[in-house]
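[1] Sequence plus the predicted model coming up.
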Amino acid sequence: MLEQVLLGFDYGLKYIGVAIGQTLTRTARPLKSISARQGIPDWDALDKLIATWKPNALVVGIPIRMDGSEQPLTHRATEFTEQLRAHYQIPVYHVDERLSTVEARSRLFEQGGYKALTKDAIDSTSAQLILENWLRDH
């Protein structure tokens, strides 16, 4: 199997966390977060990420309640998935992102205490966890 590069996204209304990973080692790392206005991403920033990393596919975390039901952000994240698919014409997958932010905060706190808990670090680490979960399952 050839190595594939993937970008993972933790969708939010103000910020979208981004991580990069690859299929050979099934690992991912946080990249950054990009701004969004009421859920609409900074497409220029996304275009630059796509041009820089040339991913083979994208993975978006879909927020779902603990009981498995949808929440208000579920539909918006699904729309974001469709927008990415139409905009870039590469495969876009989605994965359940339950507890990714909680786990990201815990991981960052262990590494650097409260000072490590910046919004950018939390969002991009959440994206990393989303991508790692997808890589593990596929």
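    That came through fine. What you see is a predicted model; the values in this text were computed from it and never measured.
[2] outside of stretch 36-51, which residues touch it?
    7, 11-16, 18, 31, 34-35, 76, 80, 84, 87-88 (CB atoms under 8 Å, 6 or more residues apart in numbering). Just so you know, the C-beta spots here come from the backbone N, C-alpha and C atoms, and that holds for glycine as well.
[3] and with 7 Å instead?
    With contact meaning CB atoms under 7 Å, 6 or more residues apart in numbering, stretch 36-51 is reached by Leu7, Gly12, Leu13, Lys14, Tyr15, Ile16, Val18, Ile34, Ser35, Arg76, Tyr88.
[4] Make a PyMOL selection of the buried ones in these.
    Buried residues among the contacts of stretch 36-51 (16 or more other CB atoms under 10 Å), as a PyMOL selection:
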select buried, resi 7+12+15+16+18+34+76+88
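[5] could I get the contacts of stretch 36-51 as a markdown table with pLDDT and secondary structure?
    Converted to a markdown table, these look like this (pLDDT from 0 to 100; DSSP: H, G, I helix; E, B strand; the rest coil):
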| residue | pLDDT | secondary structure |
| --- | --- | --- |
| Leu7 | 98 | strand |
| Gly12 | 91 | coil |
| Leu13 | 92 | coil |
| Lys14 | 93 | coil |
| Tyr15 | 93 | strand |
| Ile16 | 96 | strand |
| Val18 | 96 | strand |
| Ile34 | 96 | strand |
| Ser35 | 94 | strand |
| Arg76 | 93 | helix |
| Tyr88 | 97 | helix |
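[6] which residues does the closest residue to Lys119 other than its chain neighbours contact?
    Excluding the flanking residues, the one nearest Lys119 by CB to CB, 6 or more residues apart in numbering is Tyr15, at 6.4 Å. Residues in contact with Tyr15, defined by CB under 7 Å, 6+ apart, are Ser33, Ser35, Ala36, Lys119, Asp123.
[7] So what's the predicted local confidence for the spatially closest residue to Tyr88 that is not a sequence neighbour?
    Spatial nearest neighbour of Tyr88, chain neighbours left out: Ile50 (5.9 Å); criterion: CB to CB, 6+ apart. Ile50 is assigned 97 on the pLDDT scale.
[8] If anything else comes up later, I'll come back, but that's it for now.
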